[in-house]
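Undergrad: Sharing a model prediction with you, sequence too.
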Amino acid sequence: MPATLEVESTLTDRYQTTVPETVRRALRLGKRDKIHYTIHPSGEVVLTRAEVTEDGDPVLGFFLGFLARDIANHPEHLQAMDASLVHRLQSLVGDIEADFDATLSADDE
């Protein structure tokens, strides 16, 4: 088993710090990369390289991560959609056409 490596950094007056070089190398971090923090109930904080979503939308990535964690932690909350709800949803959006690749206008953003 490889030896555990420990390093420290100091917080500035603005609560900022430099990620030590050994940590940057271990996580393969480059300039402008994002860091993800996982805070356990015990107070332990795990620092990892943030996942980059395919479309580059960090909000979507965080939301999907939230959903995945919630499903894993509370599978009892999952419910099947019955046919009547599916039909109701289709009746509401069935005739709407959308081009998801089109650029948004200034009014839409």
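TA: Arrived safely, thanks for sending. Residues are numbered from 1 along each chain as shown.
Undergrad: Run through the helices of the protein in chain order.
TA: For the chain, the helices defined by DSSP state H occupy 21-27, 58-73, 83-93.
Undergrad: got any ranges where the chain has weak pLDDT?
TA: Applying pLDDT under 70 to the chain flags residues 1, 52-56, 108-109.
Undergrad: ok, back up a step: please tabulate the helices of the chain in TSV and include mean neighbour count and distance to Gly43 as additional columns.
TA: Heads up, the C-betas are built off the backbone N, CA and C, glycines and all. Shown next, in TSV, are the helices of the chain (neighbours: other CB atoms under 10 Å; distance: least, CB to CB, whole Å):
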stretch	mean neighbour count	distance to Gly43
helix 21-27	13	19
helix 58-73	12	19
helix 83-93	10	42
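Undergrad: Just send the ones you listed back as CSV, with distance to Leu47 too.
TA: Output for these, formatted as CSV (distance: least, CB to CB, whole Å):
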stretch, distance to Leu47
helix 21-27, 7
helix 58-73, 16
helix 83-93, 41
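Undergrad: what residues go with each domain of the protein?
TA: Listed by automatic domain parsing, the domain ranges of the chain are 1-50, 53-93.
Undergrad: so which of the ones you listed gets nearest Leu104?
TA: Proximity to Leu104 (CB to CB) singles out domain 53-93 among these, at 13.0 Å.
Undergrad: I'd like the domains of the chain as a markdown table, with distance to Asp101 appended.
TA: A markdown table is the format used below for these (distance: least, CB to CB, whole Å):
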| stretch | distance to Asp101 |
| --- | --- |
| domain 1-50 | 25 |
| domain 53-93 | 11 |
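Undergrad: of all the helices of the chain, which lies closest to Thr38?
TA: Going by CB to CB, the one of the helices of the chain nearest Thr38 is helix 58-73, 9.9 Å.
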